[in-house]
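Trainee: Return atomic coordinates for the entry below.
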Amino acid sequence: MTATTTRASTARSGRERGRSRDSLAAWLRRPRPPLAPPRWLAVLATAAGAIALAVVPLVNPSYINLTLTLVMIWTIVGLGLNLLVGFGGQVSLGHSAFFAIGAYAVAVGGAAGLPHPATLAGAAVVPFVVGYLVGLPALRLHGLQLGLVTLAMAMATPAAIRALEPLTQGSRGIAIDGSPPAWVPLAHDQWVYYLALALATVAYVVTRRLARGRLGRSFVAVRDAEVVAETLGVDVWHTKTRLFAASAAYAGVAGGLYAMLLEFIGPENFSLTLSISFVTLIVVGGLATVPGAVLGALFVQYVPTLTSSISPAATGAAYGVVLILFAFFVPFGLVGLARAALGRIVARLPGARGT
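Mentor: Numbering: from 1, shown residues only. Have a look, this model is predicted:
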């Protein structure tokens, strides 16, 4: 009788543990609505964040400004890539190619004597045109096929940079003057920080409006059901191509800021690992979410720094493990976890809320 009771108790505890695991997995996978804070909290948080971001480069050493600038650069890439992958449903593993085009547009334009605003404009326009031309044939493909084409772009980028040696100086690399104009009383790291902050803010606002507006709805319609979207009047072909080109422009601007920040670039800066980190950024941050680009950028910047202190190979292993865990257990990324943790608290706060 005692043995039977023990076996029954063991089986019961095993079932309870299984239910607990299932309930946790279901909780992690559950979709949640965006946070809706009261207006006073939204205004207060926005004002406090703006003041903090404006003051940070003036009171911190240059190495902290450098890492924060990189976070904003990764944020710009993540915003564009999330538009393409999260909202548009198109797979891209080759955004490091557009990132490199933007970086070399700034480098070559600077060497020709163009001012920073002009070189950054070129860093947006040139990748946009290239992305549009690449998108014309590539977006006839879907899923894995499109992913393989863009992966080939990422793999070929360092070799292409070396092959274009008269323009890019090949393996020797190319120097960039990222110093501010004479009339701007800022150090180099502060100047690039404020440029990145301004462009990241514009990219965030534009992406947010696109995601919530008519264009965003057309992107999602094309992602979820192309045939239905076409019957409703959406030009699927042009929507896909323009989205791919716009995403490339985001990456190009980020690449231009990257070149200005480092002041020296070469083929080794644009390896396949960079493209993998971009994909990790949007998956970890949260697909089809605008704030996810910020959270993913923080992850991409700071987690590899921690893991590399353990082992040089730990960064790649960390990316692989995190991608698997988030794909299986946390499909809505860090944004989904933040919504789960803060949703009830924010909902209980008093005050009028926006529509």
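Trainee: got the contact list for Gly266?
Mentor: Ile161, Ser171, Arg172, Gly173, Ile174 (CB atoms under 8 Å, 6 or more residues apart in numbering). Every residue, glycine included, has its C-beta placed from N, CA and C.
Trainee: What separation do you get for it and Gln169?
Mentor: Applying CB to CB, to the nearest Å, the value for Gly266 to Gln169 is 8 Å.
Trainee: Which parts of the stretch 151-300 of the chain are strands?
Mentor: 174-175, 264-265 (DSSP state E, counting those that start in this stretch).
Trainee: Could you list the low-confidence segments of the protein?
Mentor: 1-22, 138-139, 141-143, 309-315, 354-355 (pLDDT under 70).
Trainee: again, 50 this time
Mentor: 1, 8, 11, 18 (pLDDT under 50).
Trainee: rewinding a little: tell me the buried residues within the contacts of Gly266.
Mentor: Buried positions within the contacts of Gly266, assessed by neighbour count (16 or more other CB atoms under 10 Å), are Ile161, Gly173, Ile174.
Trainee: between these, which is closest to Val300?
Mentor: Ile161 (22.4 Å; CB to CB).
Trainee: For that closest one, which non-adjacent residue is spatially closest?
Mentor: Nearest in space to Ile161, with sequence neighbours left out and distances taken as CB to CB, 6 or more residues apart in numbering, is Pro267 at 4.3 Å.
Trainee: does that neighbour really touch Gln169, like I thought?
Mentor: No. Using CB atoms under 8 Å as the test, Pro267 is too far from Gln169 to be in contact (10.1 Å).
Trainee: Near Pro304, how many other residues are there?
Mentor: 18 (other CB atoms under 10 Å).
Trainee: is it true that Met72 touches Gln301?
Mentor: No. The pair Met72 / Gln301 is not scored as a contact, 9.7 Å apart, by CB under 8 Å.
Trainee: And the two? Which one has more around it.
Mentor: Neighbours were counted for Met72 and for Gln301 using other CB under 10 Å; Met72 has more, 26 against 20.
Trainee: Distance of that one relative to Leu167?
Mentor: Taken as CB to CB, the span from Met72 to Leu167 is 28 Å.
Trainee: thinking again about what came up before, can you pull the contacts of the residue nearest to Ile161?
Mentor: With CB under 8 Å, 6+ apart, Pro267 has these contacts: Thr157, Pro158, Ala159, Ile161, Arg162, Gly170, Ser171, Gly173.
Trainee: centroid residue for the protein?
Mentor: Closest residue to the average C-alpha location of the chain: Gly78 at 1.4 Å, with CA atoms, centre = their mean.
Trainee: which residues sit in contact with that residue?
Mentor: Counting by CB under 8 Å, 6+ apart, Gly78 has contacts Phe278, Leu281, Ile282, Gly285, Gly292, Ala293, Val294, Gly296, Ala297.
Trainee: got it, and Ala103?
Mentor: Contacts of Ala103 (CB under 8 Å, 6+ apart): Ala123, Gly255, Gly256, Tyr258, Ala259, Ile265, Asn269, Phe270.
Trainee: and what of Leu210?
Mentor: Taking CB under 8 Å, 6+ apart, one finds Leu83, Gly216, Phe219 in contact with Leu210.
Trainee: What subset of those residues is buried?
Mentor: Counted by 16+ other CB under 10 Å, the contacts of Leu210 give Leu83, Gly216, Phe219 as buried.
Trainee: Which of those fall within helices?
Mentor: Counted as lying in helices by DSSP state H, out of the buried ones among the contacts of Leu210, are Gly216, Phe219.
Trainee: can you list the buried ones among the contacts of Leu210 in JSON lines and add distance to Val206?
Mentor: JSON lines is the format used below for the buried ones among the contacts of Leu210 (distance: CB to CB, whole Å):
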{"residue": "Leu83", "distance to Val206": "10"}
{"residue": "Gly216", "distance to Val206": "11"}
{"residue": "Phe219", "distance to Val206": "14"}
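Trainee: Closest to Ala26 out of the contacts of Gly266?
Mentor: Among the contacts of Gly266, and counting by CB to CB, the member closest to Ala26 is Ile161, at 47.0 Å.
Trainee: wouldn't that closest one be in contact with Ile101 here?
Mentor: No. Contact between Ile161 and Ile101 fails when scored by CB under 8 Å: they sit 9.8 Å apart.
Trainee: what touches both of the two?
Mentor: With CB under 8 Å, 6+ apart as the test, Ile161 and Ile101 reach no residue in common.
Trainee: Could you double-check that Leu274 sits in contact with Phe98?
Mentor: No. Between Leu274 and Phe98 there is no contact under CB under 8 Å: 11.0 Å.
Trainee: So which of those two has more stuff around it?
Mentor: Neighbour totals were compared for Leu274 and Phe98, and Phe98 leads with 35 against 19 (other CB under 10 Å).
Trainee: could you point out which element follows the strand or helix carrying the more buried one?
Mentor: Taking DSSP states H and E as the definition, Phe98 sits inside helix 95-111. Where DSSP H and E defines the elements, the next helix or strand beyond helix 95-111 is helix 116-138.
Trainee: Which single one of the contacts of Gly78 is nearest to Gly135?
Mentor: The nearest one, if we look at the contacts of Gly78 relative to Gly135 and count by CB to CB, is Phe278, at 17.3 Å.
Trainee: re earlier: for Ala42, which of the strands of the stretch 151-300 of the chain is the nearest?
Mentor: Of the strands of the stretch 151-300 of the chain, nearest to Ala42 by CB to CB is strand 264-265, at 38.8 Å.
Trainee: Can you name every helix or strand that the closest one contacts?
Mentor: helix 95-111, strand 174-175 (3 or more CB pairs under 8 Å, 6 or more residues apart in numbering; DSSP states H and E).
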